[in-house]
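Novice: A structural model of the following input is requested.
(one chain, ligands or ions: 1)
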Amino acid sequence: MTHILCVVGARPNFMKMAPILTALKAEGFAVTLVHTGQHYDAAMNDVVFEQLKLPLPDVNLEVGSASHAQQTGDVMKRIEPVLLEKKPDAVLVVGDVNSTLAAALVAVKLGIKVVHIEAGLRSRDRTMPEEINRILTDQISDILFTTEREAHANLAAEGVPSDRVVFAGNVMIDSLRANLASAVPPSQSVGQPLAVRGYAVATLHRPSNVDNAGILGPLLGVFRKIATSMPVVFPLHPRTAARIQEHGLTDFLHAPGIIVRPPASYLAMLGLMEGAALVLTDSGGIQEETTALGVPCLTLRENTERPITVSEGTNIVVGTDPEAIYAAFVDITTKGGKRGRVPEYWDGLAARRIAAALKARL
Ligand code: UD1
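Specialist: Just a heads-up that it's a prediction; the model follows:
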């Protein structure tokens, strides 16, 4: 029986891995799940695992939070003995977090095939830690599955042979489709009435946005301005909560109309996004989820590695200038926002395509 060792580390990995595990098992693969422990808080980890019905990991490396070098190094040191003991035929990694690169690097040096899900996405911003993780993981992967066709051109430009690359679609949207019917109604998750299309959702966690008070302050300022027109639900990532404290910006959290919440569970976030008038975010996954839901999204970054959410979906990459963000908000609320369509193969069947392709190739 072909044995695939699957690795998760951080929250955005979990919704990608859940449908893959199901599909691999259905194809008859033996599967081991390793959690690196990069995310460990109950809100970031346990609740999401439970909602996605992910099996408990066979191994938890418990690396926790640290600098990039330390976190990446700890995953590498701790996963090597696991790979030596379990001897999988392939290691499957998803996305672009530090755990993704660390596990891939150890596997390739042990002569184990590396499978990368969500390959080929590029922001072309090398100050973004995830961009480095993407480029390097793709270089050392044997089988690369993509979510959009532009990724194939990116990989070709970096010399990745095309016979390694398979267009499979978006596994994150598999999870969305499988769970949407169980989404928590927005009023229930925030504990106060919220009208459908009568509120905004905001999320921030990228170091480039939250570590610098000169960027974070104005972003919180524009949320406060938007909140004078409609409530803004603001689930706080632990990094963002810490930086708001450090930068002395807590006043923003008490502004009228700003509804601050701890990190939303997966099913709560689905419900919040589905009913929102718009979503303001610096997340990668949320750009995709709003496109799948047809809800307008303002991406508070200068670039995106997911261009199909702009060319076909509901996403606008607006940047971090508060005036531009506010103007885009007004545009959406007065004109109804961008109407997108759901991209090719974002159809709930991506994980099945991946499992079938692996069956043929491994
Ligand atoms: C990581 C990923 C990012 C992904 C994000 C989703 C990398 C380089 N980044 O960023 O791509 O979008 O996850 O959340 O891998 N913390 C907790 N509890 C936790 C996890 C984190 O309190 O369970 C706090 C710690 O203070 C930590 C900080 O959040 O220092 C950052 O965590 P880390 O995993 O290093 O990166 P993220 O910013 O979450």
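Novice: just the CA atoms of stretch 343-362, as PDB, please.
Specialist: The C-alpha trace of stretch 343-362 is given here as PDB (Å, rounded to 0.1, in the frame of the first residue of the first chain):
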ATOM      1  CA  PRO A 343     -12.900  30.000 -11.400                       C
ATOM      2  CA  GLU A 344     -12.400  26.700 -13.200                       C
ATOM      3  CA  TYR A 345     -12.100  23.700 -11.000                       C
ATOM      4  CA  TRP A 346     -13.100  25.500  -7.900                       C
ATOM      5  CA  ASP A 347     -15.900  23.000  -7.800                       C
ATOM      6  CA  GLY A 348     -15.500  20.900  -4.700                       C
ATOM      7  CA  LEU A 349     -13.700  18.100  -6.500                       C
ATOM      8  CA  ALA A 350     -10.100  19.200  -6.400                       C
ATOM      9  CA  ALA A 351      -9.000  16.700  -3.700                       C
ATOM     10  CA  ARG A 352     -10.500  13.800  -5.700                       C
ATOM     11  CA  ARG A 353      -8.500  14.900  -8.700                       C
ATOM     12  CA  ILE A 354      -5.400  15.100  -6.600                       C
ATOM     13  CA  ALA A 355      -5.900  11.600  -5.200                       C
ATOM     14  CA  ALA A 356      -6.600  10.100  -8.600                       C
ATOM     15  CA  ALA A 357      -3.500  11.800 -10.100                       C
ATOM     16  CA  LEU A 358      -1.300  10.500  -7.200                       C
ATOM     17  CA  LYS A 359      -2.700   7.000  -7.700                       C
ATOM     18  CA  ALA A 360      -1.500   7.200 -11.300                       C
ATOM     19  CA  ARG A 361       1.900   8.700 -10.500                       C
ATOM     20  CA  LEU A 362       3.100   7.100  -7.200                       C
END
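Novice: now do that stretch: distance to the chain's middle.
Specialist: Between the mean C-alpha location of stretch 343-362 and the chain-wide mean there is a distance of 19 Å, by Cα atoms, centre = their mean, to the nearest Å.
Novice: give me the buried positions along that stretch.
Specialist: Using 16 or more other Cβ atoms under 10 Å as the burial criterion, the residues of stretch 343-362 that qualify are 343, 345-346, 348-358. For every residue, glycine as well, the C-beta is placed using N, CA and C.
Novice: next, format those as TSV and append distance to residue 173, pLDDT and secondary structure.
Specialist: As requested, the buried residues of stretch 343-362 are arranged in TSV below (distance: Cβ to Cβ, whole Å; pLDDT from 0 to 100; DSSP: H, G, I helix; E, B strand; the rest coil):
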residue	distance to residue 173	pLDDT	secondary structure
343	9	97	coil
345	9	98	coil
346	4	98	coil
348	7	98	coil
349	10	98	coil
350	7	98	helix
351	10	98	helix
352	13	98	helix
353	12	98	helix
354	13	98	helix
355	16	98	helix
356	18	98	helix
357	18	98	helix
358	19	98	helix
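Novice: hmm, which two among those residues are most spread apart?
Specialist: Between any two of these, the greatest separation by Cβ to Cβ is 22.4 Å, found for 343 and 358.
Novice: now the end-to-end length of stretch 303-311.
Specialist: When the termini of stretch 303-311 are compared using Cα to Cα, to the nearest Å, they are 13 Å apart.
Novice: which outside residues touch that stretch?
Specialist: By Cβ atoms under 8 Å, 6 or more residues apart in numbering, the residues outside stretch 303-311 that reach it are 96, 121-125, 130-131, 134, 147-150, 284, 287-288, 290-291, 297, 315-317, 340, 343.
Novice: list buried residues within those residues.
Specialist: Of all these considered here, the ones buried according to neighbour count by 16+ other Cβ under 10 Å are 96, 121-123, 130-131, 134, 147-148, 150, 284, 287-288, 290-291, 297, 315-317, 340, 343.
Novice: thinking again about what came up before, which one of the buried residues of stretch 343-362 is nearest to residue 88?
Specialist: The shortest distance between residue 88 and any of the buried residues of stretch 343-362, using Cβ to Cβ, involves residue 358 and amounts to 12.3 Å.
Novice: list the contacts of that closest one.
Specialist: If you count contacts by Cβ under 8 Å, 6+ apart, then residue 358 has 2, 4, 24, 27, 29, 90, 115, 143 around it.
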